[in-house]
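Q: Just need the structure, nothing else, for what follows:
(one chain, ligands or ions: 1)
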Amino acid sequence: MILLSKISEIRSLVQEWRQKGESVGLVPTMGYLHEGHLSLMRCAQKECDRIVTSIFVNPMQFGPNEDLDNYPRSLERDRELAEKEGVDALFCPQDGEMYGSNYQTTVRVQKLSQGLCGADRPGHFDGVATVITKLFNIITPDAAIFGEKDFQQLALIRQLTLDLNFDIRIIGHPIVREADGLAMSSRNKYLSIEDRKIATCMYTALQKARVLYREKGEGMPSDEIEKLAKATIEANPQCAVEYTKVVHQLTLQSMEKVTDDSVLTLAMKVSGNVRLIDNGFLAL
Ligand code: PAF
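A: Residues are numbered from 1 along each chain as shown. Predicted coordinates:
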């Protein structure tokens, strides 16, 4: 595996591969790799001849009071893990390589960046859309793989790919969970031992919501599901719900009534500072 930090270097490498007729898969990450990321790499391997994983803690997608400075980083460990998964190139640019001193451009996906995490993290999705557009332009992959845990992010990336005519296949990969149901996330590292146990309440909320939907069926009011999820999470005093929302899988618009196209999206803060998200279809 080759480690590159310059845009010109990764461009030449991809060009070499292309000349040999090889296809390229991209797995964009912010590093501190876990099993969820590794499963994206395995998926990329099935789809493409060559794999690039990018590691870039994108400052543009962090708000002023968010965890940019403390975001977990561990390049040596990431490097070993990516190499074991058969990644061909690890692209790890510095901030200045991606955003020069006169940088001025932002990409915004108008509707899909609003609501849900967009409401709690203003500007976050503009940062994501911008960095993904840049990575797509730099690496020109045939396919890019993203986790479904970041459901809104995935919807927005699908939209920007269509809108900006990128000839890239966007592949969503199912959420990878710990044995007790907690969705894997680099931010789980911030949880204390006690909070780690409690954090499974989001998965419990999702499972209870599925049971209720199975009992009541299509057409049941969404707010019954949303209230059940909120109460399940907030039964733990350490957990504060940011949202529990039933949305349409494609538009991410709220739905008054639940259907088989409904996804329950969840976000909470644990002990005031660790923000976790989860989601899932209600029909299983
Ligand atoms: O999901 C992430 O890790 C990031 O939002 C992404 C897609 C790598 C963009 O910085």
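
Q: if I look at Ile55, how far off is Glu22?
A: Distance from Ile55 to Glu22, counting by C-beta to C-beta, to the nearest Å: 22 Å. All C-beta atoms are positioned from the backbone trio N, CA, C, and that covers glycine.

Q: of those two, who's got more company?
A: Each of Ile55 and Glu22 has its neighbours counted (other C-beta atoms under 10 Å); Ile55 has more, 24 against 14.

Q: Tell me both backbone torsions, phi and psi, for that one.
A: Backbone dihedrals for Ile55, given as degrees, to the nearest 10, come out at phi -120, psi 110.

Q: Number the chain from 624, please
A: Sure thing, new numbering starts at 624, so read that last one as Ile678.

Q: ok, the residue in the stretch 674-823 of the chain that the ligand sits nearest to - contacts?
A: Per C-beta to the nearest ligand atom, Asn681 is where the stretch 674-823 of the chain lies closest to the ligand, at 4.1 Å. Going by C-beta atoms under 8 Å, 6 or more residues apart in numbering, Asn681 touches 653, 721, 750-751, 754.

Q: mind redoing it with 10 Å?
A: With contact set as C-beta atoms under 10 Å, 6 or more residues apart in numbering, Asn681 has these partners: 651, 653, 691, 694, 718, 721-722, 750-751, 753-755, 757-758.

Q: give me the subset of those touching the ligand.
A: Among the contacts of Asn681, the residues that sit close to the ligand (C-beta under 6 Å from any ligand atom) are 651, 653, 751, 754-755.

Q: Which parts of the stretch 724-873 of the chain are strands?
A: 766-770, 792-796, 862-871 (DSSP state E, counting those that start in this stretch).

Q: Quickly run through the sheet partners of the first one, with directions.
A: Spelled out, it's strand 766-770. Applying DSSP bridges, strand 766-770 is found paired with strand 647-652 (parallel), strand 792-796 (parallel).

Q: Pick the most buried one from those.
A: A comparison of these by mean neighbour count, using mean count of other C-beta atoms under 10 Å, puts strand 647-652 on top with a mean of 26.

Q: what about that strand, average pLDDT?
A: Averaged over strand 647-652, pLDDT sits at 99.

Q: chain center to that strand, what's the gap?
A: 13 Å (C-alpha atoms, centre = their mean, to the nearest Å).

Q: Then stretch 645-661?
A: Distance, centroid of stretch 645-661 to centroid of chain: 11 Å (C-alpha atoms, centre = their mean).

Q: what does stretch 824-832 give?
A: Taking C-alpha atoms, centre = their mean, one finds stretch 824-832 lying 20 Å from the centre of the chain it belongs to.

Q: quick one, what contacts the closest residue to Arg731 other than its chain neighbours?
A: Ranked by C-beta to C-beta, 6 or more residues apart in numbering and with sequence neighbours excluded, the top spatial neighbour of Arg731 is Asp749, at 4.9 Å. With contact set as C-beta under 10 Å, 6+ apart, Asp749 has these partners: 683-684, 729-732, 736, 741, 779.

Q: Spell out which parts of the stretch 724-873 of the chain neighbour the ligand.
A: Within the stretch 724-873 of the chain, the positions lying close to the ligand (C-beta under 6 Å from any ligand atom) are 751, 754-755, 773, 776.

Q: Show me the two of the residues you listed that sit farthest apart.
A: Val754 and Asp773 (13.3 Å; C-beta to C-beta).

Q: Give the intersection of the neighbour lists for the two.
A: Common contacts of Val754 and Asp773 (C-beta under 10 Å, 6+ apart): none found.

Q: which other helices and strands contact the host helix or strand of Asp901?
A: Element membership for Asp901 (DSSP states H and E) is strand 897-904. The contact analysis (3 or more C-beta pairs under 10 Å, 6 or more residues apart in numbering; DSSP states H and E) places strand 897-904 against helix 740-743, helix 774-786, helix 816-821, helix 824-839, strand 862-871, strand 885-893.

Q: please redo it, this time with the cut-off set to 6 Å
A: Strand 897-904 is packed against strand 885-893, with contacts defined by 3 or more C-beta pairs under 6 Å, 6 or more residues apart in numbering; DSSP states H and E.
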